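Asks: Got a sequence here, can you build the structure:
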Amino acid sequence: MIENTLLNYQYKKVANPEKNPAQTMVLLHGLFGDLHNLGVIARAFSDNYNILQIDLRNHGLSFHSDEMNYNLIAQDLEAVLTSLDINNAIVVGHSMGGKAAMALANFAPSLVDKLIILDMAPVAYKENHHDAVFKGLFAVKEKKPTNRQEAKEAISVGIKMEEVKQFMLKSFDPNAPESFKFNLTGLKNNYDNLMGWQPVLVNKPTLFIKGELSDYLQEKDTQTILTQFPQASFFVISNTGHWLHAEKPDNVIRAMKKFLDKNV
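Replies: Okay, the predicted model is just below:
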């Protein structure tokens, strides 16, 4: 276990910063993901913003730790932004990455200018959304497959949806201790922390984008959100689920651009 180190990241600056001194957009992935997950958003905004994509702890190429909660994640993110001399960033997060973005804005408000939260609410979720996923992932770990096809067969014990299998298998690594780049046991042991939430107060322009068919961001959460994020606004992407940026990227990007243009 490695501690006291920076998260893995990719930082791409705009081509001509003297002509266009760009703001930085920070992109944060969800549970089981990595810094490539929001690539479609990165590409859409890279002409006008510096783009910082980060692997959160226990994911991608970042360090593994037995401890994981949003306070620690916020500290991790603060360290990266400070090391790169970034402040007033636009922070975009999907799912768990959305909570990470919100936690960062509460922990280090001077580093954050605006927030865009993709299908996540600042609430504690009681449901276990990932029981079947963990069942499939631990089946892979137990089998120790040497190739992707063997891993796909093992993961099918728990995961039935093809697109979810494909997403999880992006992190398959036969040489990793648990067969995945992410810290499977660490994520399972800290799952309650990741589903949980301690209320914050963030007075920054914040856009919550909901997938209409997803139950992560519900109408009943509106007042809870406004209490914690007084400058919150909302947008719904119709006929799409939790993976709204993958299912309808153009709609998400349009909503983001409208929000950013309005809050220059």
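
Asks: Could you check how far the closest residue to residue 238 other than its chain neighbours is from residue 256?
Replies: Closest residue to residue 238 apart from its sequence neighbours, by Cβ to Cβ, 6 or more residues apart in numbering: residue 212 at 4.9 Å. Quick note: C-beta positions are derived from backbone N, CA and C, even for glycine. Distance of residue 212 to residue 256, given as Cβ to Cβ, to the nearest Å: 17 Å.

Asks: Neighbour count: these two, which is higher?
Replies: residue 256 (22 against 13; other Cβ atoms under 10 Å).

Asks: Local confidence estimate at the residue nearest to residue 238?
Replies: pLDDT for residue 212: 95.

Asks: which ones are touching it?
Replies: 236-240 (Cβ atoms under 8 Å, 6 or more residues apart in numbering).

Asks: Neighbours of residue 177, how many?
Replies: 11.

Asks: how much space between it and residue 44?
Replies: 36 Å.

Asks: Highest neighbour count among the contacts of residue 212?
Replies: Going by other Cβ under 10 Å, residue 237 tops these with 24 neighbours.

Asks: So that one sits against residue 210, correct?
Replies: Yes: the criterion here is Cβ atoms under 8 Å, and residue 237 meets it with residue 210 at 7.0 Å.

Asks: any common contacting residues for these two?
Replies: With Cβ under 8 Å, 6+ apart, residue 237 and residue 210 have common neighbours residue 244.

Asks: where along the stretch 101-250 of the chain do the helices fall?
Replies: Listed in chain order, the helices found in the stretch 101-250 of the chain under DSSP state H, counting those that start in this stretch are 131-143, 148-155, 162-169, 184-189, 191-195, 222-228, 244-247, 249-262.

Asks: Among the ones you listed, single out whichever gets nearest to residue 72.
Replies: With Cβ to Cβ as the criterion, residue 72 lies closest to helix 191-195 of these, at 9.1 Å.

Asks: Run through who's touching that closest one.
Replies: Contacts of helix 191-195 (Cβ under 8 Å, 6+ apart): 31, 68-70, 96, 99, 124-126, 128-130, 134, 187.

Asks: Buried subset of those as a PyMOL selection?
Replies: Of the contacts of helix 191-195, the buried ones can be selected in PyMOL as follows, counting by 16 or more other Cβ atoms under 10 Å:
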select buried, resi 31+68+70+96+99+125+130+134+187
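
Asks: I'd like the contacts of helix 191-195 laid out as CSV, including pLDDT.
Replies: What follows is the contacts of helix 191-195, written out as CSV (pLDDT from 0 to 100):
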residue, pLDDT
31, 96
68, 98
69, 98
70, 98
96, 98
99, 98
124, 95
125, 93
126, 85
128, 77
129, 77
130, 91
134, 96
187, 97
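
Asks: Out of the contacts of helix 191-195, give me the two with the largest separation.
Replies: 70 and 134 (20.1 Å).

Asks: ok, back up a step: tell me the one among the contacts of helix 191-195 nearest to residue 198.
Replies: residue 70 (7.4 Å).

Asks: Distance of the closest one relative to residue 231?
Replies: 20 Å.

Asks: Who are the contact partners of residue 200?
Replies: Residue 200 touches 102-103, 105-106, 122, 228, counting by Cβ under 8 Å, 6+ apart.
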